[in-house]
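Peer 1: I would like to see how this sequence folds:
(one chain, ligands or ions: 2)
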Amino acid sequence: MKSLSYLNKYLIKYKWRLIFGIICIIVSNYFGVKMPTVVSNAVNGFIGEIKSNESFNTIALMSLKLFGFYMLLSIGKGFFLFLTRQTIIVMSRHIEFDLKNEVYNQYQRLNFSFYKKSNTGDLMNRISEDVSQVRMYLGPGLMYTINLAVLFTLCVYAMMQIDVKLTLIVLAPLPLLSFMIYKVSSKMNKLSKYVQEEQSAMSTIAQETFSGIRVIKAYLREREMAKKFDDSSDEYKDRTMRLVLVNALFMPTIVFLIGTSTLMAIYFGGLLTYTNDITPGDIVAFVFYVNMLTWPFASVGWVTSIIQRAAASQERINEFLDVVPAIQSCCEEPLAKIKDIAFDKVSYTHENSGIEAIKNLSFTIKAGETLGVVGRTGSGKSTLLNLMMRQIDPTKGEVMVNGENLKKINLDDYHKLSGVVPQEVFLFSDSIRNNIQFGVNDREVTEEEIIDISKKAYVYHNIVQFKEGFDTLLGERGVNLSGGQKQRVSIARALLKKPDLLLLDDCLSAVDTETEDFILKSIAEQSKNNMTVIVSHRISSLRYADKIIVLDDGSKIEEGTHEELILKEGIYSEMYHKQLAEND
Ligand SMILES: Nc1ncnc2c1ncn2[C@@H]1O[C@H](COP(=O)(O)OP(=O)(O)OP(=O)(O)O)[C@@H](O)[C@H]1O
Ligand SMILES: [Mg+2]
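Peer 2: Ligands and ions are numbered 1, 2, ... in the order given. Down below sits the predicted model:
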């Protein structure tokens with residue numbers, strides 16, 4: 001329960017809605033509690049007037065008055081009930097909105113090292129499922145709890161005014177009712193969770209079938225997949241049937257317990273009229289009160305489970321909000337230009353795998369230079385770029401920018417001045433245009449610029465082939481680009497920023513050597529005065545590099561220009577000759 005106190009700041013933010021909501025609950029219930037007294041007076045009045053042989057007109061007039069009075073009370077109650085929902089439920093929706101934004105902003109603050117540890121489904125749940133559970137507590141949860149407290153107080157007060165003993169007798173079964181409903185709804189919760197689990201297992205099977213349909217057909221596994229689905233849906237059916245059974249028991253339990261209370265009111269009330277302690281009208285009022293209290297009491301069990309679930313969800317949300325991003329921009333001082341970068345005996349060990357991906361690495365690169373990085377798969381090339389972008393911090397050593405530790409550099413500016421083409425290309429489900437201008441948000445990008453940049457990235461001729469050109473939508477409901485086209489759109493995105501520091505992680509692997517040469521030339525031309533780091537498996541990608549480092553198992557084993565490295569006849573020259581032979 002303690003976890004829910006985190007939400008108090010939001011309750012304070014929306015305190016006027018909450019207070020007004022509570023007032024509405026009180027007024028609405030006040031009208032509600034007055035209604036049985038009207039009926040009670042009517043019964044007593046009619047009995048009295050019939051006994052004293054009043055005329056038909058007198059009775060008709062009295063009926064009309066009571067009718068009007070009852071009507072007014074109903075309208076008042078209904079109106080304030082409407083206002084209650086409009087304030088408290090609306091408040092809960094506002095808080096839901098705020099909380100979702102808070103969680104989302106935290107997603108954006110956290111870095112690479114956090115995402116390495118978490119799985120996507122879990123993160124999605126935090127913002128959708130967990131926040132919804134919390135909303136249920138803030139909306140219906142709070143509303144029904146306050147309503148119960150107010151109604152109970154008013155009802156019991158009204159009943160006590162009539163007769164204390166009868167009140168106690170009639171209320172006796174209500175706690176039992178709450179308890180039983182609590183039991184039944186916990187059982188229902190457990191079963192529905194159980195049903196949901198099987199449901200998601202079923203959707204996973206279906207989803208895998210859709211996405212893997214070609215593999216399934218090619219390997220003739222349709223029958224097995226169908227059997228797997230059949231088993232899962234059988235299990236789903238069984239679990240649902242159990243839930244249906246418990247659901248079916250729910251209403252009869254309530255009806256039975258209300259019936260008991262009503263019977264007690266009539267039986268003991270009847271006995272009390274004999275001694276003239278209460279009037280027949282009072283019995284009617286009691287039956288009304290008992291029925292009024294039933295639903296709120298019945299909801300206690302439901303509300304309890306809402307609160308329990310919300311507490312568990314909020315605990316998960318709090319845990320997540322408490323995570324402090326490992327990497328934060330340290331200072332406000334703006335960074336105008338990236339002039340040079342130096343690695344000084346940098347080592348990096350991946351926390352989760354314990355692999356030392358970079359070992360004691362030193363090198364420098366200055367504005368106007370192009371650095372080539374080559375090495376076998378797993379040699380630490382992408383890790384090097386991650387260190388350079390400060391996605392991760394070195395375990396040992398320092399990354400220096402303009403002679404200063406990168407940790408002391410304004411990270412937002414640093415990222416603004418750099419452009420990255422990651423190894424795994426990511427394009428948004430949006431138009432090609434928006435994907436290309438994604439990195440530029442501080443100015444308008446002209447059509448000419450976009451055309452020019454896509455020509456440089458050698459993707460323009462592909463884009464114009466689409467009917468909608470740059471407005472072609474990508475992603476699931478749009479066009480699928482080929483691997484090489486994706487890489488080139490991603491290069492255009494980075495080039496458009498005209499960055500001081502351009503990082504290319506093996507991003508020409510899916511294009512042929514001629515295209516590669518064209519793109520490399522335009523990159524070299526555009527970033528004449530800037531820094532470029534090109535990572536590649538292919539030696540041919542490094543032909544315009546001023547300096548090349550060869551990584552092996554995280555260590556730098558060779559360094560120099562292409563010619564120097566060839567003359568050395570080490571690993572680099574061996575790779576070069578092998579690749580030449582392959583090309584031939
Ligand atoms: N997120 C991670 N968690 C744990 N270990 C990792 C992680 N990423 C990379 N590694 C390990 O670090 C080492 C270097 O990986 P890196 O991705 O830098 O290699 P690479 O040179 O870019 O390889 P490739 O050419 O295949 O892209 C590898 O042994 C890899 O298993
Ligand atoms: Mg890599």
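Peer 1: all contacts plus neighbour counts: C-alpha atoms, from now on.
Peer 2: Will do.
Peer 1: for the residue of the stretch 401-550 of the chain found nearest ligand 1, which non-adjacent residue is spatially closest?
Peer 2: The stretch 401-550 of the chain approaches ligand 1 most closely through His537 (6.5 Å), counting by CA to the nearest ligand atom. Distances taken as CA to CA, 6 or more residues apart in numbering put Val374 closest to His537, at 5.8 Å, once the chain neighbours are dropped.
Peer 1: would you confirm that the one you found contacts Ile549?
Peer 2: Yes. Between Val374 and Ile549 there is a contact under CA atoms under 8 Å: 6.4 Å.
Peer 1: and these two? Which one has more around it.
Peer 2: Set Val374 next to Ile549 and count neighbours by other CA atoms under 10 Å: Val374 wins out with 27 against 22.
Peer 1: secondary structure element for that one, which one?
Peer 2: According to DSSP states H and E, Val374 maps onto strand 370-375.
Peer 1: and if you look at Ala342?
Peer 2: Element membership of Ala342, judged by DSSP H and E, is strand 340-349.
Peer 1: tell me the first helix or strand C-terminal of that strand.
Peer 2: Next element after strand 340-349 (DSSP H and E): strand 356-366.
Peer 1: give me the distance between the residue lying farthest from the centre of the chain and Phe46.
Peer 2: The C-alpha centroid of the chain is most remote from Asn53, which lies 71.6 Å away (CA atoms, centre = their mean). For Asn53, the distance to Phe46 (CA to CA, to the nearest Å) stands at 10 Å.
Peer 1: cool, and Gly439?
Peer 2: Separation of Gly439 from Phe46 (CA to CA): 81 Å.
Peer 1: Lys456 too?
Peer 2: For Lys456 relative to Phe46 (CA to CA), the value is 95 Å.
Peer 1: the two: who's more crowded?
Peer 2: Between Lys456 and Phe46, counted using other CA under 10 Å, Lys456 has the larger neighbour count: 23 against 17.
Peer 1: where do the strands of this structure begin and end?
Peer 2: Using DSSP state E, the strands of the chain run over 340-349, 356-366, 370-375, 396-401, 404-405, 418-421, 501-505, 531-536, 547-552, 555-560.
Peer 1: including mean pLDDT, could the ones you listed go into TSV?
Peer 2: Shown next, in TSV, are those (pLDDT from 0 to 100):
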stretch	mean pLDDT
strand 340-349	95
strand 356-366	94
strand 370-375	94
strand 396-401	94
strand 404-405	92
strand 418-421	93
strand 501-505	94
strand 531-536	94
strand 547-552	94
strand 555-560	93
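Peer 1: which residues touch the residue in the stretch 1-150 of the chain positioned nearest to ligand 1?
Peer 2: The stretch 1-150 of the chain approaches ligand 1 most closely through Lys116 (5.9 Å), counting by CA to the nearest ligand atom. Listed by CA atoms under 8 Å, 6 or more residues apart in numbering, Lys116 has no contact partners.
Peer 1: Tyr327 reaches Asn111, doesn't it?
Peer 2: Tyr isn't right for residue 327; it's Ile. Yes. Taking contacts as CA under 8 Å, Ile327 lies within contact range of Asn111: 6.7 Å.
Peer 1: tell me, what's touching these two both at once?
Peer 2: Residues touching both Ile327 and Asn111 (CA under 8 Å, 6+ apart) are Gln391.
Peer 1: would you mind listing what in the stretch 101-250 of the chain touches ligand 1?
Peer 2: Listed as neighbours of ligand 1 in the stretch 101-250 of the chain under the rule CA under 6 Å from any ligand atom: Lys116.
Peer 1: for the strand holding Val374, packing partners?
Peer 2: Packing contacts for strand 370-375, counted by 3 or more CA pairs under 8 Å, 6 or more residues apart in numbering; DSSP states H and E, involve helix 381-388, strand 531-536, strand 547-552.
Peer 1: check what pLDDT Lys337 gets.
Peer 2: Note on Lys337: pLDDT of 92.
Peer 1: this structure - how does it break down into domains?
Peer 2: What automatic domain parsing lists as the domains of the chain is 1-163+302-326, 335-417+503-584, 425-498.
Peer 1: tabulate those (CSV), appending distance to Ile205.
Peer 2: Formatted as CSV, these follow (distance: least, CA to CA, whole Å):
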stretch, distance to Ile205
domain 1-163+302-326, 16
domain 335-417+503-584, 30
domain 425-498, 20
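Peer 1: circling back to that earlier point, number of residues surrounding the residue of the stretch 401-550 of the chain closest to ligand 1?
Peer 2: 19.
Peer 1: low pLDDT regions in the protein?
Peer 2: 119, 121, 477 (pLDDT under 70).
Peer 1: which residue is the nearest non-sequential neighbour of Glu449?
Peer 2: Using CA to CA, 6+ apart, the nearest residue to Glu449 is Leu496, at 7.8 Å.
Peer 1: you'd agree the one you found is up against Ile453?
Peer 2: Yes. If you go by CA under 8 Å, Leu496 and Ile453 touch, sitting 6.2 Å apart.
Peer 1: from Gly212, how far out is Ala206?
Peer 2: Distance, Ala206 to Gly212, using CA to CA: 10 Å.
Peer 1: ditto for Leu474
Peer 2: In terms of CA to CA, Leu474 sits 21 Å off from Gly212.
Peer 1: neighbour count winner among the two?
Peer 2: Per other CA under 10 Å, whichever of Leu474 and Gly212 has more neighbours is Leu474, with 17 against 12.
Peer 1: surely the more buried one touches Lys486?
Peer 2: No. Assessed by CA under 8 Å, Leu474 is found out of contact with Lys486, at 10.0 Å.
Peer 1: okay, and the common contacts of the two?
Peer 2: Both Leu474 and Lys486 are contacted by Leu427, under the criterion CA under 8 Å, 6+ apart.
Peer 1: OK, contacts around the nearest residue to Tyr414 once chain neighbours are set aside?
Peer 2: Nearest residue to Tyr414, sequence neighbours excluded (CA to CA, 6+ apart): Leu335, at 6.7 Å. Counting by CA under 8 Å, 6+ apart, Leu335 touches Ile409, Asn410, Asp413, Tyr414.
Peer 1: need the contact list for the second one.
Peer 2: Asn410 makes contact with Ser329, Cys330, Cys331, Glu332, Glu333, Pro334, Leu335 under the criterion CA under 8 Å, 6+ apart.
Peer 1: for Val303, grab the count of nearby residues.
Peer 2: Other residues close to Val303 by other CA under 10 Å number 23.
Peer 1: for Leu64, same thing?
Peer 2: Around Leu64 there are 12 residues (other CA under 10 Å).
Peer 1: run through the residues of this protein sitting next to ligand 1.
Peer 2: Close to ligand 1, as judged by CA under 6 Å from any ligand atom, the chain has residues 116, 350, 352-353, 355, 357, 376-383.
Peer 1: not counting sequence-adjacent ones, nearest residue to the spatially most central residue of the chain?
Peer 2: By CA atoms, centre = their mean, the mean C-alpha position of the chain lies nearest to Ile127, the distance being 2.0 Å. Leaving aside its chain neighbours, Ile127 sits nearest to Lys100 (5.9 Å; criterion: CA to CA, 6+ apart).
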